[in-house]
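Asks: what follows is a predicted protein model with its sequence.
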Amino acid sequence: SQELEQSPQSLIVQEGKNLTINCTSSKTLYGLYWYKQKYGEGLIFLMMLQKGGEEKSHEKITAKLDEKKQQSSLHITASQPSHAGIYLCGADITGTASKLTFGTGTRLQVTL
Amino acid sequence: GAVVSQHPSWVICKSGTSVKIECRSLDFQATTMFWYRQFPKQSLMLMATSNEGSKATYEQGVEKDKFLINHASLTLSTLTVTSAHPEDSSFYICSARGPRDQPQHFGDGTRLSIL
């Protein structure tokens, strides 16, 4: 089984709607990173969370880290077509900050 | 800031050829660079971690003689796929990071197709 599971695997939302993507770890989270990838391209860094209870926002995207639940959520408010893509969470589960383990990804489509 | 350039973006070559992929951090010094492989509709699989001036650390199951990594400077790492075969066809992505408390920044990836 995967060490880092994302849900849902895919999501289709209408423009203007809110959505939430979850990232759940089977191990302790020492740091959690959210990235966005467009098909066939590299990853764009969105946010980094390092402390339990931490919450960060950038434009219409908010990410939270629940250390106790070993979980992070990414929330998009009033989605736009530009939000479409694959969202990946990456986590430091070793505690050494030496490498990241990536989640299974969530494919987001935003319809007009 | 934090721009990572990966080149080439696309390679098609014959079986048995060796292919070199470059990863450069353009506006910061990358103490550590990472090489990933991504299969269609799947997540990133870490292949190896390289620190400037030292040997790369390979993940379990990755052949170090097959995937040669060099990190000769704080801004450049290269991955050479030696004697490539069709099963090596994939999307390879590099990332670079400065200090440990900073995020990894990714290149745009290289699509490798071996005929």
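Replies: That came through fine.

Asks: tell me which parts of chain B are close to chain A?
Replies: Proximity of chain B to chain A is confined to B:2, B:4, B:6, B:34, B:42-44, B:46, B:49, B:91, B:93, B:95, B:100-101, B:103-109, B:111 under the rule CB under 8 Å from any CB of the partner chain. The way it works is simple: take the backbone N, C-alpha and C, and place the C-beta from them, glycine included.

Asks: just the buried ones from those residues?
Replies: Those of the residues of chain B next to chain A that meet the buried threshold are B:2, B:4, B:6, B:34, B:43-44, B:46, B:49, B:91, B:93, B:95, B:103-109, by 16 or more other CB atoms under 10 Å in any protein chain shown.

Asks: list the buried residues of the host helix or strand of residue A:33.
Replies: Per DSSP states H and E: residue A:33 is located in strand A:31-37. Residues A:31-37 are the ones in strand A:31-37 that count as buried (16+ other CB under 10 Å).

Asks: and if you look at stretch A:22-33?
Replies: Quick answer for stretch A:22-33 (16+ other CB under 10 Å): A:22-25, A:29, A:31-33.

Asks: then it to CSV, C-alphas only?
Replies: Output of stretch A:22-33 as CSV, limited to C-alpha atoms (Å, rounded to 0.1, in the frame of the first residue of the first chain):
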residue,chain,number,x,y,z
ASN,A,22,-6.8,15.4,1.2
CYS,A,23,-3.4,13.8,1.7
THR,A,24,-3.1,11.1,4.4
SER,A,25,0.1,9.5,5.6
SER,A,26,0.6,6.1,7.2
LYS,A,27,3.7,7.6,8.9
THR,A,28,4.5,10.7,11.0
LEU,A,29,4.6,13.8,8.9
TYR,A,30,7.7,16.0,9.5
GLY,A,31,7.0,18.3,6.7
LEU,A,32,4.3,18.5,4.0
TYR,A,33,4.6,20.1,0.5
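
Asks: would residue B:21 count as being in a strand?
Replies: Yes: assigned with DSSP: H, G, I helix; E, B strand; the rest coil, residue B:21 falls within a strand.

Asks: helices or strands next to the helix or strand that residue A:87 is a member of in the packing?
Replies: Per DSSP H and E: residue A:87 is located in strand A:85-92. In terms of contacts (3 or more CB pairs under 8 Å, 6 or more residues apart in numbering or on different chains; DSSP states H and E), strand A:85-92 is packed against strand A:4-7, strand A:19-25, strand A:31-37, strand A:71-76, strand A:101-102, strand A:106-111.
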